[in-house]
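Q: sharing a sequence plus its predicted fold:
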Amino acid sequence: MKNKVRVQLCFMMFLEFFIWGAWFVTLGTFLGNNLRATDSEIALAFSTQSWGAIIAPFVIGIIADRYFNAERILGILHVLGAVLMYFMYQSTAFDGFYILVLAYMILYMPTLALVNSVSFNQMKNPAKEFSMVRVFGTLGWIIAGLSISYIFHWDQGENIGQGLLRNTFLMTAIASLIFGVFSFTLPKTPPRAASTGDVNIKEILGLDSLSLFKDKNFFIFFISSVLICIPLAFYYQNANPFLVEIGMNNPTGKMTLGQVSEIAFMLLLPYFFTKFRFKKTILVAMAAWVVRYLLFAFGDVDELGFMLIVGIALHGICYDFFFVSGQIYTDSKAGDKFKSSAQGLITLATYGVGMLIGFWVAGKISTAYLINDGEHLWQTIWLYPAGFALTVFILFAIFFKTEKIDYQS
């Protein structure tokens, strides 16, 4: 791969995840403080990510893979996203905002697959080259969070009250417009299925890989993947509002420790996966979810502030050890015939169905433990995902049988 192309791909990944991290992390805080949204309404807004994930396979499978270059669709989606973000910046009521964020996520979620397609199309050995490109996406998310907290200070107490968090949408709109224009300069990525026959909806949704459920271990893993996304949704939806409410300084910037740890544990994963095998790796990830939420439940911003920081930093284990290991496991079980469709099925089940349920549950529980002055009984709220993750841990430990999975780093 030429250096010019490598730089283009790295900048593409940086912008892709800068755009996501620039508004999604603080969304709950903005809605609660500036649009006076209820916890159920906040859950509804976060669930648009899941609806976007459910609809994304149709966009990629029916349109991108068959009729248009991936980089062109990427550019169009981000330009349209910039327009929607600008209108979100101007929103003053939740009802209008919800329509905009739903439309935005339906446009944005397909771009996650499109940037991968553009990248893989330029790589001779994606297994070795992709990680060095993808890491710039994590850096983009980190820079977005650090900018909000340490450069603009939009997530500080008085600034939140004055509505400065609204500026995250304007910043995202500008970045999206830049990315949209930049996308048309990316290497050409022609449609892969332009000359194939009729559209196979089962293949697009990954449903042709359902035969893998005959393998009991894969079925247990699949169900566990859906269930673990319920406590995961609590983190995405509640972590930033929680840290703001209890008085943590620069909460968005400190939450980027999760992405820093994600990079570190991604480097450790090949060693851990090879030495301890798949089942133990997944169990460590599930245990980390339990520990993280217990730390959130019993930590505070004073003497026990370190517990909150450790809870944030556990994100690398929670995410990498479960989801990346799960992708490796799915790839090994699917074989050549179902590689793409099996990954699509897992993505649809986790980011789609699993987190859709999770956001709804998190909203209901947060509402149930809201006290009169607008504060929450956070200790009780965090014990729910801790208990749920522990239940999934026990079920997986009992029913998933140890097996050897080959891992090629």
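A: All right, it came through fine. All figures in this text were calculated on a predicted structure; none of them were measured in a lab.
Q: that's a strand at Tyr67, yeah?
A: No - counting by DSSP: H, G, I helix; E, B strand; the rest coil, one finds Tyr67 to be coil, located in no strand.
Q: do you know how far it is from Val79?
A: 18 Å (CB to CB, to the nearest Å). From N, CA and C alone the C-beta is placed, and that goes for glycine too.
Q: ok, Tyr236 next?
A: From Tyr236 to Val79 the distance is 26 Å (CB to CB).
Q: quick one, which of Tyr67 and Val79 is more surrounded?
A: Between Tyr67 and Val79, counting by other CB atoms under 10 Å, Val79 is the more crowded of the two (17 against 11).
Q: that one touches Val181, doesn't it?
A: Yes - assessed by CB atoms under 8 Å, Val79 is found in contact with Val181 at 7.4 Å.
Q: now Ala93: closest residue in space, sequence neighbours ignored.
A: Counting by CB to CB, 6 or more residues apart in numbering, Leu35 is the residue found nearest to Ala93 once chain neighbours are left out, at 6.6 Å.
Q: residue contacts, that neighbour?
A: By CB atoms under 8 Å, 6 or more residues apart in numbering, the residues touching Leu35 are 91-94, 97.
Q: which one of these has the most neighbours?
A: For those, the largest number of neighbours (other CB under 10 Å) sits with Phe97, at 23 neighbours.
Q: wait, is that one part of a helix?
A: Yes - assessed by three-state DSSP, Phe97 belongs to a helix.
Q: mind checking which of the contacts of Leu35 land in helices?
A: Applying DSSP state H to these, the entries found in helices are 94, 97.
Q: which of the contacts of Leu35 sit farthest apart?
A: Thr92 and Phe94 (9.3 Å; CB to CB).
Q: who's in contact with Asn121?
A: Residues in contact with Asn121 (CB under 8 Å, 6+ apart) are 70, 187, 189.
Q: can you list the low-confidence ranges for the stretch 201-350 of the chain?
A: 201-209, 335-341, 343 (pLDDT under 70).
Q: packing partners for the longest helix anywhere in the chain?
A: Longest helix of the chain, by residue count under DSSP H: helix 257-298. Helix 257-298 sits against helix 126-146, helix 216-245, helix 305-313, helix 315-319, helix 325-347, helix 378-399, with contacts defined as 3 or more CB pairs under 8 Å, 6 or more residues apart in numbering; DSSP states H and E.
Q: now do the buried residues in the very next helix or strand once past the first one.
A: Same thing as helix 126-146. Reading on from helix 126-146 to the C-terminus, the next helix or strand found by DSSP states H and E is helix 157-161. Using 16 or more other CB atoms under 10 Å as the burial criterion, the residues of helix 157-161 that qualify are Ile160.
Q: just checking, what packs against helix 157-161?
A: Judged by 3+ CB pairs under 8 Å, 6+ apart, helix 157-161 is in contact with helix 27-34.
Q: wait, doesn't Ser119 sit right on Val133?
A: Yes - at 5.5 Å, Ser119 counts as touching Val133 under the criterion of CB under 8 Å.
Q: overlap in contacts of the two?
A: 9, 13.
Q: distance between stretch 6-13 and the chain's centre?
A: Chain-centre distance of stretch 6-13: 20 Å, with CA atoms, centre = their mean, to the nearest Å.
Q: go on, stretch 353-369?
A: Relative to the chain's own centre, stretch 353-369 is displaced by 16 Å; criterion: CA atoms, centre = their mean.
Q: residues making contact with it?
A: For stretch 353-369, the surrounding residues in contact (CB under 8 Å, 6+ apart) are 38-44, 46-47, 49-51, 53-54, 225-234, 236-238, 376-378, 380-381, 384-385.
Q: and if you look at stretch 241-260?
A: Counting by CB under 8 Å, 6+ apart, stretch 241-260 makes contact with 21, 25-26, 28-29, 32-33, 42, 138, 141-142, 145-146, 148-150, 153, 155-157, 160, 239-240, 296, 300-301, 305, 308-309, 312-316, 319, 375-376, 378, 382, all of which sit outside it.
Q: quick revisit: could you dump the contacts of Leu35 to TSV with pLDDT and distance to Leu210?
A: Shown next, in TSV, are these (pLDDT from 0 to 100; distance: CB to CB, whole Å):
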residue	pLDDT	distance to Leu210
Ser91	96	41
Thr92	95	46
Ala93	96	42
Phe94	97	38
Phe97	98	37
